[in-house]
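Novice: Structure for this input, please:
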Amino acid sequence: MTDSEPKSGGAINQQGVEQFLQTETGGRAATGPAAIVLFTVPLLWSLFQLWIASPLPFILEFGVFNSTEARSIHLAFASFLAFAAFPMFKGRHTNHVPFYDWFLAFGAAFTASYLYVFYDQLSSRPGAPETQDLVVALTGLVFLLEATRRSLGLPLAVVATVFIIYALGGPFMPDVIAHKGASLSKLASHMWLGTEGVFGVALGVSTSFVFLFVLFGALLERAGAGNYFIKVAYAMLGHMRGGPAKAAVVASGLSGIISGSSIANVVTTGTFTIPLMKKVGFPATKAGAVEVAASTNGQLTPPIMGAAAFLMVEYVGISYLEVIKHAILPAMISYVALIYIVHLEACKMNMKGVERLNKPTLAQRMLMWVMILLGLSVLTLVVYYGVGWTKDVFGSAAMWVLTPLMVAIYIALVGYGARFPDLEEDDPDSLMDKLPPVGDTVKTGLYFLLPVVVLVWCLTVERFSPQLSAFWATVFMVFIIVTQRPLKAFFTSRDQPGGAHYLGGLKQGGADLTHSLVTGARNMVGIGVATATAGIVVGTVTLTGIGLVMTQFVEFISGGNLLLMLGFTAIISLILGMGLPTTANYIVVSTLMAPVIVTLGAENGLLVPLIAVHLFVFYFGILADDTPPVGLAAYAAAAISGADPIRTGIQGFTYDIRTAILPFMFIFNTQLLLIGLTGWFDLLVTIFSAVTAMLVFSAATQGFWFTKTRWWETIGLLLITFTLFRPGFWWDEIYPPTNDRPGVELLQHVNEVAPGQPIILRASGMSLSGDETSKYLQLPLPAADTPEQRLAAAGLEVSPSGEVMNVEFVSFSSDAGKAGLSFGWTIDTVQVENPRPPKELMFIPALMLLGLLAFTQLRRRAGEGERPAFVPSR
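Specialist: The predicted structure follows:
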């Protein structure tokens, strides 16, 4: 049997897909009274989440919950459903819930809701828990670990258990990681009865933001948006070489943007895209690997990023829009490169695209793309500047003016889309030998873009919180799912007497809404439990100080070498991310490894913005989804394609090498995160160089560009990639970027720095652990009349002593304190930038070499001739 042939017995593949779908959507398919409970409880959970996100509790002064109470109820719902919806052992009790699972479900719900039920009593005795409190806390931890095992498997439960054992057994650990240890009562109180552990920031983000976006995605899917995105992608890209695979990348990317899981993305879009890729000639392994790589990258793409975007807001301390801005370029170039990799794979096999019905002329195609670009540009301008203009005129009433306008646009778009045939549901067994026309396909569902417009409007123009923005976008999506069927019936059946078809459409819309609320909640079970369990890791870090231990350990292993340190951190992030869902692996790896990079980088002269560090560990944590031997997304894809999961994972990881190099690049070149850009020209140069570099790297790793590459061409392409990504590496050898002056010249240098610009210092002193340390730090300088006043405004007072400056005073919570300076430290040197030509001049020789390689490849391809094209099976 060849790799391109599916394994015999389609039922095996279907069984594998259902196994992964159970993990994502709620385990049991219960019948009878249990089915009613498993329908009602998720419905109530969704209604509760919508209630606390809305402004109604504050308007009505009823049902107001503080953050701790909301987290407690949130976890109670998730814990109950984890025991009621997932069997104790896979394959057993799949159609009913045994009595002991009901007992465990109610017990888990009670322990989780304990903070809400006894909130007043617990707040009256902080730090002095009673025996009842400790018993409930310890029982709750056991329940949580079992709920995690059931809903997510062993990996995260094992990780959390190891951290609990580490917290309790500190004195018995090896010297390098030993600590004084924590008592059982201290552990229980810290993890369960406060907000340092299980009920910490991670569960708070799940309660506030994540649920609403998962619900938003469920509503979109139920309304038909998922099918619409897939069909649009195929209509637009299917005619290209390897078109179905390129469409799979785009469709999975669109789905992954709103999905909270790589696995969920694979099993939803992959059931349609993987068979089609195989039909046009992709081997089963590569078809599954393309879907895995696309689905994995969906978690790296704003605005949701598998809910990590909202976690970064809390952990990094920057706004949601800042997170999106920093993450957008790496995600974009990664997806562009994946489409190019698919193109190169198609070129290797000399594939042709699928024939399109009503094939347009060249002029029509050019006009279509121009209209699409103009349409997107106009839409963006209307949303931003149009709404901004109305806010200037109407002030706070702008929202009440624009809401009816948005509804009118929605009705008009539904009426416009009703002129065209409805899109058929995905059928992976159907023959895809012709493509539908792009125009008709796009026009049928343009109104699906409106909830995204509402989300962008609320975030960027109204400046609402992510929670409130998600609420209003969800409300608009609820309106769409209820009304789209009656409206379509009205526009298509206006000549029919009676209103039965309208009423039927309205009933179907209500049913769709109810099922979406249930589906969204059941999709949240794993995420809710995961964020709570990841809180155990966070709580252990704060309880034991293991973060400092990890810093010392990585420093010891790497020997102070920055690249070795980053490589070791990447490996640790991959290992910790194996088997963990998106939210959990980000919490774990960022809590443990992000401080390591910041601390060791500062000690070695590399000042890395905190957002870059968090994106670094997040990228490698996500890449664990397709990294053998765990690679759960690869197993899900293999269950659909019939290929070997390990080979699928390896192939997927080779595609994702392009993503793996990005974190190393943006650590050293933060312009890739749109940090430190000076204007539009700088932005355009950065985008051009990054996209070109990633495409060149893709060609190098695939061993094929215009034709098969030779070893020396591969080396040349890799050299060009490195130069385009990090031109400063070579430029620094020619023109040193900085010069270190003695610390005693600090005041003189401060006088030369423009207001608002930071200075970089190397300071040394006693660390919190009692060791002498030396590190570089960045200190913002406000405007003031004298250098002394500028330093004082930053919270710092100094006095000269020989060649250094002594730190005499550091204000509490000042910029100097946050930078890491303390009383008694010394400022040894001041880093001053040297004037030099722009480093982007290194692009010129790199592009010249690229042109030379292109010339040699094109000349060689002309001599080889054209190979026969692959013809899709009929």
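
Novice: now the top helix by length along the chain: mean pLDDT?
Specialist: Secondary structure of the chain read by DSSP state H shows that its longest helix is helix 500-544. Averaging pLDDT along helix 500-544 yields 84.

Novice: List the contacts of the helix or strand just after it.
Specialist: As assigned by DSSP states H and E, the chain's next helix or strand after helix 500-544 is helix 546-558. Residues from elsewhere that reach helix 546-558 (C-beta atoms under 8 Å, 6 or more residues apart in numbering): 166, 176-177, 179, 540-541, 564-565, 568-569, 572, 591-593, 595-596, 599-600, 603, 768-769. Placement of C-beta: from N, CA and C, glycine included.

Novice: The same query, at a cut-off of 10 Å, please.
Specialist: Applying C-beta atoms under 10 Å, 6 or more residues apart in numbering, the contact partners of helix 546-558 are 163, 166-167, 170, 173, 176-179, 537, 540-541, 561, 564-569, 572, 591-600, 603-604, 767-769, 771.

Novice: now swap in stretch 848-863 and tell me
Specialist: Residues outside stretch 848-863 that contact it (C-beta under 10 Å, 6+ apart) are 692, 696, 699, 704-710, 712-714, 716-717, 719-721, 723-724, 843.

Novice: out of those, which are buried?
Specialist: Buried members of these, scored by 16 or more other C-beta atoms under 10 Å, are 692, 696, 699, 704-707, 709, 713-714, 716-717, 720-721, 723-724, 843.

Novice: quick one: which of the residues you listed sit in helices?
Specialist: Reading helices off the buried ones among the contacts of stretch 848-863 with DSSP H, I get 692, 696, 699, 713-714, 716-717, 720-721, 723-724, 843.

Novice: nearest to P663, of those residues?
Specialist: Relative to P663, the closest of these is T721; by C-beta to C-beta it sits at 14.8 Å.

Novice: mind listing what the closest one touches?
Specialist: 658, 661, 665, 692-701, 846, 850.

Novice: now F809
Specialist: 792, 795-799, 816, 823.

Novice: Show me how far the helix or strand where it lies is from its chain's centre.
Specialist: Element membership of F809 [criterion: DSSP H and E] is strand 804-810. Averaging C-alpha positions (C-alpha atoms, centre = their mean, to the nearest Å) puts strand 804-810 42 Å from its chain's average.

Novice: For the chain, just list every one of the strands.
Specialist: 355-356, 434-435, 738-742, 758-766, 772-780, 796-801, 804-810, 826-833 (DSSP state E).

Novice: Buried ones from the contacts of T721, can you make that a PyMOL selection?
Specialist: Entered in PyMOL, the line below selects the buried ones among the contacts of T721, by 16+ other C-beta under 10 Å:
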select buried, resi 658+661+665+692+693+694+695+696+697+698+699+700+701+846+850
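
Novice: Give me the neighbour count for A793.
Specialist: A793 has 17 neighbours, counted by other C-beta atoms under 10 Å.

Novice: Contact partners for it?
Specialist: 780-784, 811, 814-816.

Novice: Where helices are concerned, which of those residues count?
Specialist: Short answer: the contacts of A793 in helices (DSSP H) are 815-816.

Novice: Any stretches of the stretch 301-450 of the chain with poor pLDDT?
Specialist: Along the stretch 301-450 of the chain, the model assigns pLDDT under 70 to residues 303-307, 352-399, 425-434.

Novice: Just the helices from it, written as ranges.
Specialist: Taking DSSP state H, counting those that start in this stretch, the helices of the stretch 301-450 of the chain run over residues 308-316, 320-348, 362-381, 387-394, 398-417, 438-443, 450-456.

Novice: can I get the CA coordinates of the shortest one in CSV?
Specialist: The one in question is helix 438-443. The C-alpha coordinates for helix 438-443 follow below in CSV (Å, rounded to 0.1, in the frame of the first residue of the first chain):
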residue,chain,number,x,y,z
VAL,A,438,-15.9,33.2,-7.3
GLY,A,439,-18.4,36.0,-7.5
ASP,A,440,-21.5,34.1,-6.7
THR,A,441,-19.8,32.2,-3.9
VAL,A,442,-18.5,35.3,-2.2
LYS,A,443,-21.7,37.2,-2.5
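
Novice: just checking, what packs against it?
Specialist: For helix 438-443, the packing partners by 3 or more C-beta pairs under 10 Å, 6 or more residues apart in numbering; DSSP states H and E come out as helix 225-237, helix 362-381, helix 398-417.

Novice: related to what we said a few turns ago, buried among the contacts of F809? Make that a PyMOL selection.
Specialist: To isolate the buried ones among these in PyMOL, judged by 16+ other C-beta under 10 Å, type:
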select buried, resi 792+795+796+798+816
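
Novice: Farthest pair within the contacts of F809?
Specialist: Largest pairwise distance in the contacts of F809, by C-beta to C-beta, is 15.6 Å, between G795 and S799.

Novice: Tell me how many other residues crowd the nearest residue to P302 once chain neighbours are set aside.
Specialist: With sequence-adjacent residues excluded and distances taken as C-beta to C-beta, 6 or more residues apart in numbering, P302 is closest to I324, at 4.2 Å. Close neighbours of I324, defined as other C-beta under 10 Å, add up to 19.

Novice: distance of Q702 from G298?
Specialist: Distance, Q702 to G298, using C-beta to C-beta, to the nearest Å: 22 Å.

Novice: Who has more neighbours out of the two?
Specialist: Neighbours were counted for Q702 and for G298 using other C-beta under 10 Å; G298 has more, 30 against 22.

Novice: Tell me the pLDDT of the more buried one.
Specialist: So G298 comes in at 75 (pLDDT).

Novice: hmm, back to that, now the longest helix of the chain against helix 546-558, angle please.
Specialist: 80 degrees (axes from the mean of the first three to the mean of the last three C-alpha atoms, to 10 degrees).
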